[in-house]
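J.: task: produce atomic coordinates for the following.
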Amino acid sequence: MLRFLLILGLLLPASAFAELEIVDAWIKNLPPSVPMRAGYMTIHNPGETAVTILSIRSDAFASIDIHRSVMQDGMMRMDPVTALSIAPGESLQLAPGGYHLMMQPLQATRPGQEIEIVLQFDDGSEQRLTMTVIK
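T.: Prediction:
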């Protein structure tokens, strides 16, 4: 059995075992009358290959989209982003005024609530993490 696992480990790409390190994952709480929430985090890729996040989902949200705030002609606007790629050894910060998640909650959120989301990668793998709602 050990020999089988060793061979399997050599055959699978390194990204199959890669897991991103995610810190400070939080969601900005807003009044129930506001239909969207914003999500932020810092993502670090400790692996040896680039990792690309294609989509994000959660049972608590009807949709989660990746956006980037961009200043153009003196006005701030949000552009949709189709994927986030993090190079080996690099970090990407999702923060106010930059990359962020736009999240449409199915129910009102409340400070202190912990919500699980799932990152879906271009190789078909997934990673779960918990985001905390803050005031």
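J.: now do the most centrally placed residue in the chain against Val34, distance only.
T.: For the chain, Leu119 is the residue whose C-alpha lies nearest the centre (CA atoms, centre = their mean; 5.5 Å). Going from Leu119 to Val34 by CB to CB, to the nearest Å gives 25 Å. Every C-beta, even on glycine, is put in place using the N, C-alpha and C of the backbone.
J.: same question for Phe61.
T.: From Phe61 to Val34 the distance is 14 Å (CB to CB).
J.: more neighbours: which of these two?
T.: Legend: neighbour count by other CB atoms under 10 Å for Phe61 and Val34, higher for Phe61 (23 against 11).
J.: ok, back up a step: in contact with the residue nearest to the centre of the chain, which residues?
T.: The contact partners of Leu119, taken as CB atoms under 8 Å, 6 or more residues apart in numbering, are Leu20, Ile53, Ile56, Glu126, Gln127, Arg128, Leu129.
J.: inside helices: which ones of the residues you listed?
T.: The helices, defined by DSSP state H, take in nothing from the contacts of Leu119.
J.: shaky segments in this protein?
T.: The model of the chain has pLDDT under 70 over residues 1-18.
J.: can you show me the helices along it?
T.: 2-11.
J.: can you map out the strands along this protein?
T.: For the chain, applying DSSP state E gives strands covering 21-28, 37-44, 51-57, 61-72, 75-80, 84-86, 91-94, 99-105, 114-121, 126-134.
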